[in-house]
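Participant: sequence first, then the predicted structure:
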Protein chains: 2
Amino acid sequence: MAQSPTVPDPLTVAGSIPGVPPTLRWEGRADGALILLDQTRLPHEVSFRRCTTAEQVRQAIRELCVRGAPAIGVAAAYGLCLGTRPARDRSIDDFLRVVEGVGRHLDSARPTAVNLRWAIRRLERVAREHPSDRADSRWEAMLAEAHVMAREDAEACRRIGENGAHLVTDGAGVLTHCNAGALATVAWGTALSVLYVAKQRKRRFHVYAGESRPLLQGARLTAFELAAAGIDVTVICDAAAASLMRRGDVDLVVVGADRIAVNGDTANKIGTYLLAIAAKEHGVPFYVAAPLSTFDRDLPNGAAIPIEDRPEAEVRSAFGREVVPTGVRCLNPAFDVTPAGLIRGIVTEKGLLEPVSAENIGKIFA
Amino acid sequence: MAQSPTVPDPLTVAGSIPGVPPTLRWEGRADGALILLDQTRLPHEVSFRRCTTAEQVRQAIRELCVRGAPAIGVAAAYGLCLGTRPARDRSIDDFLRVVEGVGRHLDSARPTAVNLRWAIRRLERVAREHPSDRADSRWEAMLAEAHVMAREDAEACRRIGENGAHLVTDGAGVLTHCNAGALATVAWGTALSVLYVAKQRKRRFHVYAGESRPLLQGARLTAFELAAAGIDVTVICDAAAASLMRRGDVDLVVVGADRIAVNGDTANKIGTYLLAIAAKEHGVPFYVAAPLSTFDRDLPNGAAIPIEDRPEAEVRSAFGREVVPTGVRCLNPAFDVTPAGLIRGIVTEKGLLEPVSAENIGKIFA
């Protein structure tokens, strides 16, 4: 059966790294569904969730079945399509009200990654501004736009890799944190795309993946996809990073981002800020890799970035076994903010921003 | 039945914090046994191991059933008594050869904590220098010395608390790492002794305990004993520390030590160095608390401190479930070295060393 021309190229979207299942893909045409890789079960179980409602997508985002700022954005775009599909036969006004309501609901799934809001706004604009006076045509345009966003994300990530690969020198030790890989995006990843392209350019290097407590995206996901790509990777406990730097084992730190303010302050997985401080102490260059969709042009600096507090249980018993004594509280901030001053450069699909300054960031959007 | 006068005061040694079981205790007289709290099963199961041979003690040290530099030292002393007990009826020469052999074997149990070697040497000296020409008398003197060491450790720890309690200001947020508490010593602890005495002095404060991956001594042990003592404690993932400091929630960092070089460079649980760097970045005072038995007067600086590499499995599947993909390696350095320059002061039983310098350290031993 021929695929709709609006469905993105499966080679681009359905898993950029051989052996790594696709993060997300739209199955079928207008009556289709969003298929999400359930990342909570990796690395040992590869299973998928089939979402046909916005609520299912929102739940999948909340439970980190799909995670990573760029992937969340695209998943939310498809979620908005799913959530508004039943309203396709209504009047334009009714349809737009549903778009707005579902968009708000999806937007509240997670607070820190700006890509979520960015993606929803982009689809809302299509719904509002499309010239057709029929809701079903506008809805079709929204789905087409979601496909475009998926393809754009994969392409942007690939270009991020190309723009940052030269940072990986031959023989380098590279430290990364959490998962900013193919699994965090539609394809290729952000920080890990830099490594994939460096590998394609025959650079030899070794990666240290911080396990990223509490949910171990580094140990479970980054190690999984780098190993699948044939890249040498060693998992460390997050707190071992400074020790490796002191030994001279780390020549480059590269991480992803969940939201970047106009001045370059960057929210990313909890622990990133600590790495940036340690990198400064040891003179190790610290880079962020992210698509332009991760910049929040409404925020002058990082102080106003909302930091998600996730459930205590993730710290207390993330592995099915309680480790913290009953009655003792846990604190679980999911992200922290690294000030621009600690970031050597930001790798984007439009090039490498270095030094990180409001002026340079402004230029890239000009 | 009356206790031997050489058995230390059970009130001092058998659990200084109500609700916290004793780390170690000698049960019985010359034919007695060393009872070790099995800390690998805390906080949910309180069970003990009864050791009657040096090999059992060595195994318990290796498996972290007993851990914490001061507790390891005292346990090893008792282990040496147990291991040499069967040789009590031999000639002095034979007996001393057994003392040396068992001592060497115990010494190799763990490489980083210097207290282990210190304790064994101290008992070896008793065996060698005791005036009796009967091995069994010398052995009795060794056991008596082990009891003295246990009592001294508890007393030193108590004094560490008294010497450091003023560092905890009213309303302070205090960050600690791993477990440097009653469970790491015979009683009271080192870093946590400071908090226990501050609490007795009616200081109000809040403690953040870094969980201390991979083996979670912070989440399991520090949270357990602080909660038992009625001290407000919150567990955080290690990588969240810098974020808390930036928010202004941390006014003091106090940690223990496994070995301190003559210049003040300090080996402690992996992650300590990272905290010290973060504390410097945020202007938060960083203190080490340790008894004099933790100083290695043979080492001019921290570069020569041997760092134990522990099994990969502790990173890979510390929670009874594999989290790292099969085939991917893990690195598990158990300790790191914090340079003296990052340490504001060292709290010892002989007072507060501040600033940390070879000169000040020399004075305390003079």
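Facilitator: Structure's in. What do you need? Residues are numbered from 1 along each chain as shown, chains lettered A, B, ... in the order given.

Participant: so what's the residue in the stretch 101-250 of chain A positioned nearest to chain B closest to, chain neighbours aside?
Facilitator: With C-beta to the nearest C-beta as the measure, A:A239 is the residue of the stretch 101-250 of chain A nearest to chain B, at 2.7 Å. (Each C-beta comes from the backbone N, C-alpha and C, glycine too.) The spatially closest residue to A:A239, leaving aside those adjacent along the chain, is B:G271, at 2.7 Å (C-beta to C-beta, 6 or more residues apart in numbering or on different chains).

Participant: run a quick neighbour tally on the one you found.
Facilitator: Other residues near B:G271 come to 29 when the count uses other C-beta atoms under 10 Å in any protein chain shown.

Participant: swap in A:R134?
Facilitator: A:R134 is surrounded by 14 other residues when neighbours are defined as other C-beta under 10 Å.

Participant: how about it, phi and psi?
Facilitator: Note on A:R134: its backbone torsions stand at phi -110, psi 130 [degrees, to the nearest 10].

Participant: mind listing what it touches?
Facilitator: Contacts were defined as C-beta atoms under 8 Å, 6 or more residues apart in numbering or on different chains; by that measure A:R134 touches A:I92.

Participant: hmm, back to that, for burial, what's the neighbour tally of the residue of the stretch 101-250 of chain A closest to chain B?
Facilitator: Around A:A239 there are 31 other residues, counting by other C-beta under 10 Å.

Participant: so where do the strands sit in the stretch 251-366 of chain A?
Facilitator: Taking DSSP state E, counting those that start in this stretch as the criterion, the stretch 251-366 of chain A contains strands spanning A:252-255, A:259-260, A:266-269, A:286-289, A:329-330, A:335-338, A:345-348, A:351-353.

Participant: can you put those strands in a markdown table and add mean neighbour count, distance to chain B and mean pLDDT?
Facilitator: Converted to a markdown table, these look like this (neighbours: other C-beta atoms under 10 Å in any protein chain shown; distance: least, C-beta to the nearest C-beta, whole Å; pLDDT from 0 to 100):
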| stretch | mean neighbour count | distance to chain B | mean pLDDT |
| --- | --- | --- | --- |
| strand A:252-255 | 26 | 12 | 98 |
| strand A:259-260 | 30 | 15 | 97 |
| strand A:266-269 | 30 | 8 | 98 |
| strand A:286-289 | 26 | 13 | 98 |
| strand A:329-330 | 20 | 5 | 97 |
| strand A:335-338 | 27 | 4 | 98 |
| strand A:345-348 | 25 | 20 | 98 |
| strand A:351-353 | 19 | 23 | 98 |
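
Participant: how about those, which one is nearest A:A54?
Facilitator: A:A54 sits nearest to strand A:259-260 of all the strands of the stretch 251-366 of chain A, at 22.4 Å, using C-beta to C-beta.

Participant: related to what we said a few turns ago, to A:G101, which of the strands of the stretch 251-366 of chain A lies closest?
Facilitator: Scanning the strands of the stretch 251-366 of chain A with C-beta to C-beta as the criterion, the closest one proves to be strand A:259-260, at 24.2 Å.

Participant: quick one: list the elements packing against the closest one.
Facilitator: In terms of contact count using 3 or more C-beta pairs under 8 Å, 6 or more residues apart in numbering or on different chains; DSSP states H and E, strand A:259-260 is assigned the packing partners strand A:266-269.

Participant: what about the strand it packs on, distance to the chain center?
Facilitator: Relative to its parent chain, strand A:266-269 has a centroid offset of 11 Å by C-alpha atoms, centre = their mean, to the nearest Å.

Participant: just checking: what are the partner strands of it?
Facilitator: Sheet pairing here is set by DSSP bridges, and for strand A:266-269 it gives strand A:259-260 (antiparallel), strand A:335-338 (antiparallel).

Participant: can you redo these as CSV with distance to A:V186?
Facilitator: Conversion of these to CSV gives the following (distance: least, C-beta to C-beta, whole Å):
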stretch, distance to A:V186
strand A:259-260, 19
strand A:335-338, 21
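
Participant: and those: which comes nearest B:L215?
Facilitator: Shortest distance between B:L215 and the strands paired with strand A:266-269, using C-beta to C-beta, is found for strand A:335-338: 24.2 Å.

Participant: just to revisit the earlier point, tell me which of the strands paired with strand A:266-269 sits nearest to A:R310.
Facilitator: For the strands paired with strand A:266-269, distance to A:R310 was read as C-beta to C-beta. The smallest value, 9.5 Å, belongs to strand A:335-338.

Participant: let's see that closest one as CSV, backbone CA atoms only.
Facilitator: Output of strand A:335-338 as CSV, limited to C-alpha atoms (Å, rounded to 0.1, in the frame of the first residue of the first chain):
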residue,chain,number,x,y,z
PHE,A,335,16.5,19.8,35.8
ASP,A,336,18.9,22.5,36.6
VAL,A,337,20.1,25.6,34.9
THR,A,338,23.6,26.1,33.7
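
Participant: return the distance of stretch A:51-69 from the chain's centre.
Facilitator: Average the C-alpha atoms of stretch A:51-69, do the same for its chain, and the two points are 13 Å apart (C-alpha atoms, centre = their mean).

Participant: residue of the stretch 251-366 of chain A nearest chain B, please.
Facilitator: Going by C-beta to the nearest C-beta, chain B is nearest to A:G271 of the stretch 251-366 of chain A, at 2.8 Å.

Participant: let me see the ranges of the helices in the stretch 1-150 of chain A.
Facilitator: Counting by DSSP state H, counting those that start in this stretch, the stretch 1-150 of chain A forms helices over residues A:10-13, A:54-62, A:69-84, A:92-107, A:114-129, A:135-164, given from the N-terminal end onward.

Participant: which other helices and strands contact the second one?
Facilitator: Contacting helix A:54-62 under the criterion 3+ C-beta pairs under 8 Å, 6+ apart are the following elements: strand A:33-37, strand A:48-51, helix A:69-84, helix A:92-107.

Participant: which residues touch the shortest one?
Facilitator: Strand A:48-51 is contacted by residues A:21, A:27, A:33-38, A:56-57, A:60, A:65, A:78-79, A:82 when judged by C-beta under 8 Å, 6+ apart.

Participant: mind listing what's buried along it?
Facilitator: Across strand A:48-51, burial judged by 16 or more other C-beta atoms under 10 Å in any protein chain shown covers A:F48, A:R49, A:C51.

Participant: which among the residues you listed gets closest to B:H177?
Facilitator: A:R49 (38.3 Å).

Participant: and the closest one, bridged to which residues?
Facilitator: On the basis of DSSP bridges, A:R49 takes part in beta bridges with A:L36.

Participant: what helix or strand does A:H206 sit in?
Facilitator: A:H206 is part of strand A:205-210 when elements are defined by DSSP states H and E.
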